[in-house]
Structure formats: structure tokens, C-alpha cells
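1. just a sequence and a predicted model for now, questions to come.
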Amino acid sequence: MYKKFANRAKEIISEMTLKEKIGQLNQITVTPYMNDVEKLRNMIREGQVGSIILASTATAGNDQQGRIDIDMYNELQKIAVEESRMGIPMLYGRDVIHGHRVVYPLPLASASAFNDELVEKCYRNIAEEAAADGVRWTFSPMLDLCHDPRWGRIVEGPGEDPYVGAQMARACIRGFQGDNLTDKKSIVACAKHYLGYGFSEGGRDYFRTEISDITLQNYVLPAFRAAVDEGVATVMSSFNDINGIPVSGSKKYLTDILRSQLRFNGFVVSDWGAVQMLIHHGYAEDRKDCAKKAIEAGLDLDMCVRCYIENLEMLVNDGEVSIENIDTAVERILCVKLAMGLFDRPYGEKFDYDKEKHLKDARELAAESMVLLKNNGVLPLNKEANIALMGPFTHERRSLLGTWTLDGSESETPNFYEALKNALTNGKLFCTDTSRTYDNSSEISSRADIIILALGESHWTTGERHSVSDISLSKDQIELVNKMHATDKKVVGVFFCGRPMALEGVVENLDAVLYAWHSGSETANAACDILFGDTVPSGKTPVTFPRRSTHIPLYYNTTSSGQPVNGYYGQNPQWNYTDSMASPLYPFGYGLSYTKFEYKNLSADKELISLDSLKLGGKINVSVDVSNIGEYDGKEVVQLYIRDKVASIIRPIRELKGYKKVFLKLGETQTVHFELSYKDLGFYNENGEYLVEKGVFEIYVGENCLTKNIITVKVN
Ligand code: BGC
């Protein structure tokens with residue numbers, strides 16, 4: 001896709017000096033030059049800047065960032081285009097992660113919607129808003145799968161499942177890049193953090209990882225494979241090492257796997273400072289050594305630490321790095337710049353977009369992302385009910401937007417109190433003061449029909465460099481739950497969180513639990529849509545909810561052990577630990593509705609299929625009848641899992657291979673179809689070769705990963 005611009009790129013390269021070439025491999029942030037803008041202008045004039053990141057610090061997700069300034073970007077771009085010898089435009093990138101002006105649910109929350117079309121539509125809106133501000137490149141989607149919710153960055157990724165990871169990758173990239181990268185509403189996407197960053201030991205950010213080749217191939221890579229397949233233009237190399245080799249200096253990961261196996265032909269940007277970090281890792285002696293190792297590994301653009309610009313010329317002149325190596329990197333970057341039409345349209349153009357529509361879409365995605373974890377029949381609520389509202393997230397705005405909100409407006413984000421007040425027709429809303437003592441909570445609750453508690457975690461406990469050791473609810477919130485439970489009123493808990501929290505001992509004391517996540521600009525309104533039944537909940541957990549922090553890691557797609565404690569995820573939980581029940585509090589794919597769905601007639605069109613026929617495109621057609629037997633119209637996420645019973649490398653006890661979100665009117669039955677083909681039944685060996693082996697496959701279709709609806713098909 002990007003290679004087709006190679007000839008034009010080569011022509012440009014043939015006219016470039018070595019210095020100019022290396023300039024293309026240099027990304028800067030403008031902040032350090034703000035006191036000496038002339039210096040910056042000169043660097044650009046001399047062709048020393050290939051790209052500018054619109055962030056002022058290395059941890060943009062949680063630090064305050066500078067405002068977007070399209071006029072300044074255009075003024076600098078004019079220097080690159082009109083005053084530099086080669087006139088090559090610079091590529092402006094910003095972390096537009098889960099929203100720009102309008103903020104959508106955190107990626108982990110969006111994954112809960114299990115609605116790829118809606119996610120794509122929302123990411124298209126995000127691209128449009130960012131492009132209208134002069135941003136041409138985003139460092140998203142983040143595709144790091146994770147087993148440890150203590151890791152602050154679990155919130156930025158798709159959760160624990162490679163299939164969901166791949167679907168999210170596709171939806172986000174289609175949204176960002178559109179059908180045509182030259183469209184003024186498209187922006188370049190970046191699949192990150194390649195590779196294995198989500199496996200940081202103990203959930204400690206940036207920490208080491210040990211990942212076997214089998215896990216790498218079958219678990220960590222699938223989302224990146226999908227991203228490349230979807231045409232992602234850029235990939236970000238991660239900070240971490242894998243088994244002792246830092247990815248940003250590794251030919252194995254950046255070239256052998258990414259280029260040769262995955263066939264990626266865009267360019268690789270380092271994570272912020274990852275080139276220089278090779279020193280801290282103990283993998284490079286000095287900055288010069290870092291530059292040599294990174295460029296030779298296949299890392300094209302150095303983010304913000306000037307290792308390339310200060311060392312590559314010398315390394316080439318000394319014969320330590322080949323000029324071909326430099327030319328290859330420049331060619332990849334120029335190919336993307338050409339493919340996106342940057343030479344024809346180098347300047348940011350402000351344009352109008354329909355913000356109201358974007359807010360409407362954000363509200364829809366937020367509502368579809370929210371997961372109803374428990375309901376003793378108390379929900380949906382009546383809009384005429386008298387409600388007592390309390391808890392630390394009653395008046396909170398900022399946390400609802402979530403981490404990595406650079407341009408969303410806190411003041412324009414309705415808080416939960418405002419949204420509830422607005423949603424009630426004749427009902428009254430009683431609320432405690434904003435302190436966290438809840439002194440008057442008993443008196444307030446006595447006046448109400450029902451109590452709603454706004455609970456959760458601050459965005460400050462999530463995101464980069466914000467891991468936690470304990471994912472339990474804070475003590476004061478647990479006390480509040482217990483206190484309200486002791487009243488004679490029904491209590492609803494609404495949780496505003498980034499990660500799955502360990503809620504054993506809490507949910508037992510609540511009559512209903514809505515997991516609202518940090519769902520962006522429309523979090524509070526969407527939560528009310530669900531609470532009052534204007535939207536029937538349909539979100540499902542994209543990640544396992546453990547009972548306690550001490551049960552981490554706990555994920556559904558594990559392999560089976562030799563002892564019959566196999567079923568630790570569900571069947572024999574008491575055999576894991578002598579001191580606690582170790583099954584998940586809520587398994588992967590779990591979520592309730594206000595209506596009820598019934599699954600019947602699970603069947604496949606064949607019981608037997610030959611491996612040869614599968615290879616030639618043969619399919620297993622699976623179908624199931626899903627009926628809405630409850631009292632509301634509603635959406636259900638119909639999930640298909642497989643298990644390869646016997647294989648040369650043991651396969652997970654369940655693997656998600658498909659989902660469909662279907663809308664069923666009450667009383668309606670739909671036959672839902674799935675196709676299983678060669679690409680669904682196999683696995684990768686350690687060399688990245690794909691294999692399907694003969695034998696029996698169990699196929700499960702149902703409401704979550706523990707569904708018992710099963711059929712089998714044999715591959716012979
Ligand atoms: C983060 C990346 C981000 C980059 C640029 C890094 O610290 O790990 O996710 O895209 O900064 O802001």
C-alpha cells in the first residue's frame with residue numbers, strides 16, 4: 001500500500017543530502033524551543049525536522065498539554081515547504097486517543113460495546129475533529145493486551161482477548177484513516193505499543209516482560225496483524241524489553257516479525273525517548289550506540305530525543321551504519337507522507353463539523369459500553385422516583401473523560417448530578433454536600449425512594465505511570481456502601497472507572513451495579529439513559545473482573561493444566577486457593593440486560609470437514625436461534641468460542657472467534673450465523689507459521705465465555 005509510492009520517494013531521496021535524510025528521521029516537540037523560536041525555524045529551514053509531536057511532555061496522557069494552535073503549525077510548515085531546500089512537509093502528530101474535542105469512552109470501555117461499526121463511526125468523528133485542528137497523525141490505537149488490571153494503561157487497550165484486540169484495531173484504523181488517507185477528514189493511525197508492553201511484570205509501568213514465542217504469536221501479535229492488514233500507516237515501538245531484548249533495538253521484533261512476517265510497509269516511530277532508553281536498559285553504551293542499534297533494528301523515526309540527528313551522520317561517515325539503512329528509513333517515511341497527500345496539502349485547514357452529531361454518537365457508544373453487572377429488579381428506575389445521590393463521583397467531571405484527554409473540555413462535561421437532575425421528570429433529587437464525609441447521608445437517604453451511589457476511581461489512578469497495587473474500591477467508598485446497605489432503601493451503585501475493579505464484598509451490598517467506566521463527554525447522560533431504561537444495557541466485559549486484587553492474573557483464554565484444577569476460571573474455583581473463592585466475580589463477555597435472551601438450536605452445517613477442504617476455503621457454518629423472551633426490546637452480544645481439544649501445542653480452554661451484536665424486539669427470534677474457516681481454527685508456532693491440526697473442535701455460542709451451549713465438529 002505504501003510501497004507504491006516508493007519510486008517517487010526514491011526520486012526525492014536521490015536529491016537529498018545525508019543531513020537532510022537524517023532530518024526526516026527526527027521528530028521533535030516544540031516546547032523546548034519556545035524561548036528561541038528562531039532556532040526552531042532554522043532547524044526546519046535546514047531540513048532537520050521530519051515530524052513534530054504536538055505534546056509538551058513525555059507523559060501527555062496525564063500531564064497538562066499545550067493547546068492546539070493551527071496558525072503556528074502552518075507558519076512553521078510554510079518554512080518547511082517554502083524555505084527548506086527539499087520542501088518536504090513535516091508530519092504533525094498528537095495523541096488523539098479516544099476523542100478530540102468530543103471525548104468517547106476509553107478504549108477498554110469502547111471494547112465493551114462489542115459494536116465494531118459504532119466504534120468505527122465514532123473514530124471517524126474523532127479523525128474529523130482532529131483534522132479540523134491541523135492534526136494529521138494520531139498515536140492510536142493502543143493494542144496492548146493485558147492480564148494485569150493493576151497496570152494503569154490497561155484502560156487504553158482492548159482488554160484480554162486477541163480477537164477483540166483485532167476487531168478494535170480494525171475498527172479504529174478504519175475510522176481514523178477512512179477509505180482514503182488523502183481525504184481531509186482522515187488522519188494517519190499508529191498501532192502501538194509494538195510489542196508486549198501490556199505484559200509488564202506486576203503491572204508496573206515500563207517494566208520487563210517475559211513472553212514466550214507461542215504467546216507472542218498467538219496472543220500479543222494478532223491485534224497488530226489485523227492493524228497491518230487494515231493498512232495502518234505507522235507502528236510505534238515500545239519501551240519494554242521482551243526476554244531481555246528491548247523492542248526498540250531489536251531486529252527480531254522490528255524487522256523479522258514486523259516486516260517479514262506481518263508484511264508491514266509503513267514506518268516505525270519510537271515511543272517517546274525509547275531510542276535513548278536503550279542505555280538505561282543496559283543494551284547500548286551511549287546515545288551513538290542507541291542510534292546505531294535502533295536504526296539497524298528497523299526503527300525509522302526517533303521521537304524527541306535527538307539520538308538520530310546527533311549521531312547518524314557520524315555513524316554513516318565512519319562506515320558504522322550503511323547509507324542504505326538510512327535511505328530505507330527515509331523512504332518509508334516519505335511513502336507515508338506521499339500516501340496521505342501531505343505534499344499536496346501540507347497545511348492544516350480549519351473546517352466545520354457537526355459537533356451535536358458527534359455528541360450524540362458519543363452518548364450512544366458510552367451507553368453501549370456500560371455493563372450492567374447486577375440487577376435485583378431495581379433497574380430501570382422510574383423518572384418520578386425520589387432519589388438520594390451520593391458518593392465521590394456525584395459532582396466529578398474530569399475523571400469521566402478518562403486519561404489521555406488532551407483537548408476535551410472538563411467544563412462542558414455534565415456531571416452525574418446534573419445529568420440525573422435533567423433526566424428526572426417529577427422525581428426529586430437529594431444530594432449530599434461535596435465533601436467525602438457523607439455526614440448527612442442518613443438524613444438524605446431517608447427522604448428518598450432509592451439511593452444511587454456514584455462510585456469508582458479517579459482518572460489519576462489510570463494511564464501511563466499510574467499503576468496501582470490494589471484494584472479494590474477505596475475504604476471510604478466501601479463504608480458508604482455498607483452504611484447505605486444498612487438502610488431500608490434499595491441501593492444502586494454506578495461505577496466510574498478505567499479498569500475492572502475487584503468488587504468482592506461490595507456488589508453483595510448493592511441491589512444493582514452499573515459499570516459506567518470513564519466513558520467520555522457523555523458519560524453521565526449515558527449512565528442516566530441506562531438507569532431510566534431509555535437505553536437497554538448491552539455492554540459486556542472485555543476483560544475478567546477478579547474478586548480480589550490477589551487473584552490477578554485471571555483471564556479466560558488460559559490453557560488447561562494437567563491436574564483437574566483446569567476449570568479454575570469457573571468450574572473448580574475452590575481448588576485454587578485455600579483461603580478464597582478464585583473464580584472471576586464476572587467472567588469475560590459478561591453483562592446483563594433488562595430483557596432476557598434465550599439460545600436454542602445451536603448447530604453446524606457439518607460434523608466433519610477435511611483439512612484440505614478448509615485450506616481451499618471450506619467453511620463451517622454455525623447458527624443459533626436467539627430469542628428475546630423478556631419485557632424490553634434489546635441488544636445482545638452473541639459470542640462464539642472454540643476449543644481445539646487436542647493439539648501439538650495446548651490451546652486455550654476457550655477462544656473467542658466471533659461476536660455479533662443483534663437487536664431483538666421483545667418476542668422476536670433471530671437466527672444468528674457465524675462462519676468458521678481455516679483462519680479461525682489454527683494457531684501459530686514459535687516461528688510464526690500458521691497451522692491447523694486435525695481433531696475435534698468444540699464450538700460454544702452464548703451469552704459469555706462460560707456458556708454451556710456446545711456442539712463439536714471434527715477436522716480430518
Ligand atoms: C506514550 C505513548 C505516547 C507518546 C507520545 C509516550 O510516553 O507511551 O503512548 O503516544 O508518549 O505522547
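-> Now that the structure is in, tell me what you want to look at. Everything numeric here is computed off the predicted structure, so don't read it as measured data.
2. CA atoms for contacts and neighbours, from now on please.
-> Will do.
3. which positions in the helix or strand hosting Leu614 come out as buried?
-> Using DSSP states H and E, Leu614 maps to helix 611-615. For helix 611-615, the neighbour count (16 or more other C-alpha atoms under 10 Å) marks 611, 614 as buried.
4. can you count the residues close to the residue in the stretch 351-500 of the chain that the ligand sits nearest to?
-> Ranking the residues of the stretch 351-500 of the chain by distance to the ligand (C-alpha to the nearest ligand atom) places Glu464 first, at 6.7 Å. Neighbours of Glu464 under the rule other C-alpha atoms under 10 Å: 23.
5. try Met86
-> For Met86, the count of nearby residues is 18 (other C-alpha under 10 Å).
6. using the three-state scheme, assign it.
-> At Met86 the chain is in coil, as set by DSSP: H, G, I helix; E, B strand; the rest coil.
7. measure it to the ligand for me?
-> Remark: distance between Met86 and the ligand (C-alpha to the nearest ligand atom, to the nearest Å) = 27 Å.
8. contacts only, for that residue.
-> Counting by C-alpha atoms under 8 Å, 6 or more residues apart in numbering, Met86 makes contact with 16, 47.
9. related to what we said a few turns ago, is it true that the residue of the stretch 351-500 of the chain closest to the ligand touches Gly61?
-> Yes - between Glu464 and Gly61 there is a contact at 6.6 Å, judged by C-alpha atoms under 8 Å.
10. what is the burial count for the residue nearest to Leu181 when sequence neighbours are not counted?
-> Using C-alpha to C-alpha, 6 or more residues apart in numbering and skipping residues adjacent in sequence, the residue nearest Leu181 is Met340, 4.9 Å away. Neighbourhood size, Met340 [other C-alpha under 10 Å]: 25.
11. the residue of the stretch 351-500 of the chain closest to the ligand should be in a strand, yeah?
-> No - with three-state DSSP as the criterion, Glu464 is coil rather than part of a strand.
12. ok, it - contacts?
-> If you count contacts by C-alpha under 8 Å, 6+ apart, Glu464 has them with 59, 61-62, 152-153, 205.
13. for the stretch 201-350 of the chain, which residues are neighbours of the ligand?
-> Neighbours of the ligand within the stretch 201-350 of the chain, by C-alpha under 6 Å from any ligand atom: 271-272.
14. again, only this time at 5 Å
-> Counting by C-alpha under 5 Å from any ligand atom, the stretch 201-350 of the chain comes close to the ligand at Trp272.
15. strands of the stretch 201-350 of the chain, residue ranges please.
-> Counting by DSSP state E, counting those that start in this stretch, one finds strands in the stretch 201-350 of the chain at the ranges 234-237, 241-242, 245-246, 267-270, 302-303.
16. the stretch 501-650 of the chain now?
-> 512-515, 597-604, 608-609, 620-628, 634-644.
17. which neighbouring elements make contact with the second one?
-> On a contact count with 3 or more C-alpha pairs under 8 Å, 6 or more residues apart in numbering; DSSP states H and E, strand 597-604 meets strand 620-628, strand 710-715.
18. now it: average pLDDT?
-> The average pLDDT for strand 597-604 rounds to 98.
19. quick check: angle from that strand to strand 634-644?
-> With axes from the mean of the first three to the mean of the last three C-alpha atoms, to 10 degrees defining the directions, strand 597-604 sits at 40 degrees from strand 634-644.
20. where in the stretch 551-700 of the chain is pLDDT low?
-> For the stretch 551-700 of the chain, the stretches with pLDDT under 70 are 564-568, 570-574.
21. in it, which residue sits closest to the ligand?
-> Closest to the ligand within the stretch 551-700 of the chain is Pro553: 22.7 Å, counting by C-alpha to the nearest ligand atom.
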